[in-house]
Structure formats: C-alpha cells, structure tokens
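[1] no letters, just coordinates:
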C-alpha cells in the first residue's frame, strides 16, 4: 500500500491531468452574500473560459431543474472562476445543484441545506489550521482525516478559521494561486455541501501570502474594510468574522473596534439571541507555540461582554482549550460558573481555541506544549494530543458544542462537550 503522502500526491496528479483537459469543473464551494434562508452563492472553476456561468438547481424531491446565471469572479486562478447567485429558495430545505462544465457537460450533483428562519435550528462546523495534505515534511498528520470527518456531516454552515496553505513552508505547487487551487479542491468534499464563511490567519496575511489572494476566492457580505470584517445572520444567531491575525501583539485599529461594537449593537437590538464572533488568533491560549494575544483580549473582550456575547471561536495554536464562562476580562476576571458541562443566561463568555485542524506546528513539529501545569484557573478543558474541529448545534434557546478529536487510524470521538442555555441548566 502506498504511504499516505504518496496517495495524496497521486490524487493531485489525477486532479492536474483532469484540469489540463478541462474535462470537469473543480473547486466547487458555496457562500452567502445575501439572505442565507433564501439565497446561496455558488463558485467553481473551469479551465475552459468559454464555459457559461450557469447553475441548475432543484428542491430535493423535485424532478425539474431550474437555472440561474452569473459571471466570472476575478481571481488569480487559471481558466475561469464562476460565481452564480441562486435566489428564491425555500428556507430550511435541502436543494440539489450542479454547475456547468465544458462542451455542455455538468458536474456531479451536490446538495446543501438552505438556512432556517428565526426560530429554526441548525448545525455549524468550525475548523482551522488544516494545511495541505501530503506535505513532504510529514506535518499534515490529520488533514485528510479531518476533511473526511467533516464531509460525513451535513451542517448548514462551515466557519473556516484560517491557515489553509502554509505557503511559506509548502511550495510544492509553485505559485500561491496554484496552491490555493489545491486547497479548494482538497476541501471540496465539504465546501460543496455547505457555505464556507472565512476569517483569515497570520499565514494568509503575512507569511508569503496576501489577503486578496484568498479573499478573491471567497464571496462574503460587504462588511467593513474591503470585507476583512463582515457579519451575517442565520436563524437566531449573528456571526461576526474578525480579521485578527497578529500572533501575540498588535492592536486592531479604532475604526475596526467601532465597527465591531456597532455591528454587535445592531444585532442585539434586532433580537439575535446568540452573537458569535470568530477570529483566528486566540484571546486565551496557554500554548507555548502561540500564546494569548493580550492586545486583542484587552480590546475585544469588553466589547463582547458589553453586548452579551456568550461564545467566541478562535484557533491558531496547535491545541484545544476552553475557558469557563468569564466576566470582567481583562482586568477583573470573574469565573461565573465552575460547571464543566452547562451554563445559563447570567453566565459570562466562553472562549474556545479549536485546533489544529490537521497540521502540526512548524515550531516544535508537533502539537503545542502547554506553558502552565496545572492549567490556568480559567481553563475548563484542554488537550494537545489530537486534531480538533467543533460542531455547534444552535437552537433558539440553547447551543450545544461538541469538540471532535481526530487521529489517523482511530475513529473520531467527542472529546469535550458543553451546553449554553437561556432556559437554565435545570431545564435540560
């Protein structure tokens, strides 16, 4: 049997040969730029630039295909990147779709769930730090396994927390654009099933990459500062994507803080029950590879607390950590509950650091070592022995979080789980 890296490279070669003939659409992924309950944006690539930007779609169970047309999405990829906005969807419904290929052909049929209206329930997945599979240095020890586990699920939404290519240490594919091409094909098993809404990490911004290389591939709402910061509503949840990519120090501009404050205020006044910021660099991290960014903690935590944020999603360090619900960050930190599995409406903010999503650290060539033993008092759970991603089950009055641990050759398992409920833990 071929080793895993050899299999990955063989698959890459097969993808390349298919792309050279222009025989199949690739890099299919979904996004939301407008109302998630009635629209979806479909993106894909063809090397043949004469292929029309057309999507056929139908509600599951229907026999007749409907059509939507769009146009090219400018990017650095070879060929043509297509973008089509599909409108008029029925909320909380499964749809099938296929995209146009060369010479009148179509892709295979994929499916997705349209978002529910307020009052509806849904599942989201958060993952980050995947890297590319088959790295010659052997550090992508869980990349393919994490992708396969997420692809087995049927979430309504994928939240991507950044760091996909690590181009500064993985230049197998030559240019950055071709490296990004490979990443989109690698994640297509789940990106073609659910809208993938990004925030970006230090590798996408600083380390031989660049924001626009990635942002050109990802449709998002307009937000602020050329889409570096944006938000969207899904049922009773308001998600805020925050570009926070400085590893340990570095402040966000005052204009950005004002935008975040106003955005959360607007969502709170609109009655959104769950406000969920997600960003790459962690406000709370005891990892030795990437410790807490105390500047971000000082700037963002008071804004989050002001608006009743109960859950913050971060990544960056190659380990998993969860805090107890906290109030008074950064100067007068209070742990509002020492429960490990349930929190109520009067509790504070839980900070999650979920990682890695497949790739080990270049710093120590492994999972991140923790600096403090025993853990800091604010720590509810932590682990640095496996790869991780989060499943978030949102309901109008509660959210259940499961942390899935992944190791090669072993079935994935729920390593950590907790409930945040507005109804009170006694009502479980």
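    Yes, it's here. Predicted, not measured: the structure shown is a model, and the values here were computed from it. Residues are numbered from 1 along each chain as shown.
[2] CA only for contacts and neighbour counts going forward, please
    OK.
[3] in stretch 313-328, what counts as buried?
    Neighbour counts over stretch 313-328 (16 or more other C-alpha atoms under 10 Å) mark 313-327 as buried.
[4] ignore what I typed, I meant stretch 68-83.
    Buried positions in stretch 68-83, judged by neighbour count with 16+ other C-alpha under 10 Å: 70, 72, 73, 75, 76, 77, 79, 80, 81, 82, 83.
[5] ok, the nearest residue to residue 228 once chain neighbours are set aside - how many residues close by?
    Counting by C-alpha to C-alpha, 6 or more residues apart in numbering, residue 243 is the residue found nearest to residue 228 once chain neighbours are left out, at 5.7 Å. A total of 25 residues lie near residue 243 under the criterion other C-alpha atoms under 10 Å.
[6] residue contacts, residue 243?
    Contacts for residue 243 (C-alpha atoms under 8 Å, 6 or more residues apart in numbering) come out as 199, 200, 201, 228, 229, 279, 280.
[7] excluding chain neighbours, what is closest to the fifth one?
    Right, the one you point to is residue 229. residue 242 (5.0 Å).
[8] following the helix or strand containing residue 189, which helix or strand shows up next?
    According to DSSP states H and E, residue 189 maps onto helix 188-191. Next helix or strand after helix 188-191 toward the C-terminus (DSSP H and E): strand 196-198.
[9] quick check, residue 203 in a helix?
    Yes - according to DSSP: H, G, I helix; E, B strand; the rest coil, residue 203 belongs to a helix.
[10] so what's the residue count around it?
    Here the count is done by other C-alpha under 10 Å, and residue 203 has 22 residues near it.
[11] and the helix or strand harbouring residue 298, what's buried?
    Assigned by DSSP H and E, residue 298 belongs to helix 294-306. For helix 294-306, burial by neighbour count (16+ other C-alpha under 10 Å) applies to 294, 295, 296, 297, 299, 300, 301, 302, 303, 304, 305.
[12] over to stretch 120-131?
    121, 122, 123, 124, 125, 126, 127, 128, 129, 130, 131.
[13] got the contact list for the residue most central in space within the chain?
    With distances taken as C-alpha atoms, centre = their mean, residue 160 lies nearest the centre of the chain, 1.4 Å away. Neighbouring residues of residue 160 by C-alpha under 8 Å, 6+ apart: 126, 127, 128, 196, 197, 198, 199.
[14] ranges for the helices of the chain?
    With DSSP state H as the criterion, the chain has helices at 4-21, 143-151, 176-186, 188-191, 202-205, 211-215, 254-269, 294-306.
[15] of all those, which lies closest to residue 358?
    Residue 358 lies closest, by C-alpha to C-alpha, to one member of these: helix 143-151, at 3.6 Å.
[16] now do the closest one: which elements does it pack against?
    Packing partners of helix 143-151 (3 or more C-alpha pairs under 8 Å, 6 or more residues apart in numbering; DSSP states H and E): helix 188-191, strand 387-395, strand 398-407.
[17] just name the shakiest helix or strand of this protein by mean pLDDT.
    Least confident helix or strand, the chain: helix 4-21 with a mean of 44, by mean pLDDT, DSSP states H and E.
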